[in-house]
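Peer 1: Here is my input, please return the structure:
(one chain, ligands or ions: 1)
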Amino acid sequence: MSDLVQDKSASRASDCPACPGKPVLERIAARQAEIGKGFVVRRAVPNKARRMVGAWCFLDHAGPVDHGPGEGLRVGPHPHIGLQTFTWMIEGQALHRDSLGFEQMIRPGQVNLMTAGRGIAHSEESPADEAGRIHAAQLWIALPDSERHREPSFHHYPDLPVIKRGNFTITVLAGEALGKTAPAKIFSPLVGLDLTSAAAASTQLPLEPSFEHAIMCLRGKVVVEGETVEPGELLYLGMQRTTIDIHCNAETQVLLVGGEPFAEDILVWWNFVARTPEEIRTATENWNAGREFGEVPNTPLAPLKAPDLTGLSLKAKR
Ligand code: MN
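Peer 2: Numbering: from 1, shown residues only. Next up is the predicted model:
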């Protein structure tokens, strides 16, 4: 789901405000794009206001959208480097295939975690013959320099720790919270939680003060530290918070993401997280020439071609 919006400009983490080092409340509007047949993606990060929240460097909210047979998610083989793609399925299902040979259907309540490391290719598609609905979050996690050249890997996590608290069902997607640890293999201190409630709910959550945090609303309406947040908005919370108050008056679903402010300056372009334009140019040339990333077997979808590199050289000059 990562690259439905082919943003041709590079995003340099240091071009946006640094972590303020203290609690703040910043509302950030997600960019919205429609990807054919009413398939809406809201991209909250990267954004001019915030390029990252901890190591989380890409926050996409896809759908919910109903699709007919042969429609829905049809993302052909495409490459990644330097990141982990973290897919959280809310409704519907999608088939992941990758150049390591993994083929994995993901269903609601499950996580797919693909660690690109030095390079991997994958495709993502809705089941071909069925009508259905897609509602998902796809998040990217930047790998620290010491890990970003590692061998690629893929993991599917069908069971995640769940906690009931204040009428919320809290799923620990990544990192740890409330004494529970998610199984996802991550490489820097971070956290990801899903809070879902079918009715009015209220809780106070402990937070790690050395993390920066943000809230993304996926469904309904949520009130966080007195601020009302709806789908299409990110509420950035800064750091040095020990707790957060969350409540809703009706059905809602939200993501809380956080992490230690990422110390390295990253460059994001298309599906690549790197440090220099040269690395991105090399990865792009390798992909377009069919080198280094391997092939995704059995997919009926055509590989995606990288966008023109012109945007990279224009934007990445420093
Ligand atoms: Mn992808």
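
Peer 1: can I assume residue 285 sits in a helix?
Peer 2: Yes: membership of residue 285 in a helix is supported by DSSP: H, G, I helix; E, B strand; the rest coil.

Peer 1: any idea how far it lies from residue 279?
Peer 2: Counting by C-beta to C-beta, to the nearest Å, the gap from residue 285 to residue 279 is 11 Å. All C-beta atoms are positioned from the backbone trio N, CA, C, and that covers glycine.

Peer 1: Between those two, point out the one with more neighbours.
Peer 2: residue 279 (17 against 13; other C-beta atoms under 10 Å).

Peer 1: Tell me which residues touch the more buried one, please.
Peer 2: Neighbouring residues of residue 279 by C-beta atoms under 8 Å, 6 or more residues apart in numbering: 81, 267, 272.

Peer 1: Any chance of TSV for those residues, columns distance to residue 185 and pLDDT?
Peer 2: Below are these laid out as TSV (distance: C-beta to C-beta, whole Å; pLDDT from 0 to 100):
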residue	distance to residue 185	pLDDT
81	18	98
267	24	95
272	21	97
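
Peer 1: Now, of these, which are buried?
Peer 2: By neighbour count, with 16 or more other C-beta atoms under 10 Å, those hold 81, 267, 272 as buried.

Peer 1: follow-up on the earlier one: filter the contacts of residue 279 down to the ones in strands?
Peer 2: Among the contacts of residue 279, the members found in strands (DSSP state E) are 267, 272.

Peer 1: Just the pLDDT for the residue lying closest to residue 299 once chain neighbours are set aside.
Peer 2: Nearest residue to residue 299 in three dimensions, chain neighbours excluded: residue 123, at 4.4 Å (C-beta to C-beta, 6 or more residues apart in numbering). Per-residue pLDDT puts residue 123 at 96.

Peer 1: Report the separation between residue 123 and residue 287.
Peer 2: From residue 123 over to residue 287 the distance is 14 Å, taken as C-beta to C-beta.

Peer 1: One more: residue 253?
Peer 2: In this view, residue 253 and residue 287 are 35 Å apart by C-beta to C-beta.

Peer 1: Neighbour count: the two, which is higher?
Peer 2: Using other C-beta under 10 Å as the criterion, residue 253 and residue 287 rank with residue 287 on top: 25 against 22.

Peer 1: shaky segments in this structure?
Peer 2: 1-8, 34-38, 311, 313-318 (pLDDT under 70).

Peer 1: ok, now which ones touch residue 17?
Peer 2: Residue 17 touches 49, 50, counting by C-beta under 8 Å, 6+ apart.

Peer 1: Quick check: bridge partners of the most centrally placed residue in the chain?
Peer 2: The residue lying closest to the centre of the chain (C-alpha atoms, centre = their mean) is residue 139, at 0.7 Å. Beta-bridge pairing of residue 139 under DSSP bridges involves residue 59, residue 86.

Peer 1: hmm, back to that, which one among the contacts of residue 279 gets closest to residue 23?
Peer 2: Distance to residue 23, by C-beta to C-beta, is smallest for residue 267 among those, at 28.8 Å.

Peer 1: What's the separation between that closest one and residue 112?
Peer 2: Here the criterion is C-beta to C-beta. By it, residue 267 lies 25 Å from residue 112.

Peer 1: Number of residues surrounding the residue nearest to residue 162 when sequence neighbours are not counted?
Peer 2: Sequence neighbours aside, residue 171 is the residue nearest to residue 162 in space, at 5.3 Å (criterion: C-beta to C-beta, 6+ apart). By other C-beta under 10 Å, the residues close to residue 171 number 21.

Peer 1: helix, strand or coil for residue 171?
Peer 2: State at residue 171, reduced to three classes by three-state DSSP: strand.

Peer 1: I'd like to check which residues are in contact with it.
Peer 2: So residue 171 contacts 109, 160, 161, 162, 193, 194, 196 (C-beta under 8 Å, 6+ apart).

Peer 1: Packing partners of the helix or strand harbouring residue 78?
Peer 2: Applying DSSP states H and E as the criterion places residue 78 in strand 74-80. Other helices and strands packing on strand 74-80, by 3 or more C-beta pairs under 8 Å, 6 or more residues apart in numbering; DSSP states H and E, are strand 120-125, strand 272-274, helix 277-288.

Peer 1: got the ones you listed as CSV, with distance to residue 89 columns?
Peer 2: Listed next are the helices and strands packed on strand 74-80 as CSV, based on distance: least, C-beta to C-beta, whole Å:
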stretch, distance to residue 89
strand 120-125, 11
strand 272-274, 23
helix 277-288, 27
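
Peer 1: Residue 154 is nearest to which of those?
Peer 2: Nearest to residue 154, of all those, is strand 120-125, at 7.7 Å by C-beta to C-beta.

Peer 1: What strands flank that closest one, and is each parallel or antiparallel?
Peer 2: Using DSSP bridges, the strands paired with strand 120-125 in its sheet are strand 74-80 (antiparallel), strand 94-98 (antiparallel).

Peer 1: Look up the closest residue to residue 93, ignoring the ones flanking it.
Peer 2: Nearest to residue 93 is residue 107, by C-beta to C-beta, 6+ apart, at 5.0 Å.

Peer 1: Many thanks, have a good one.
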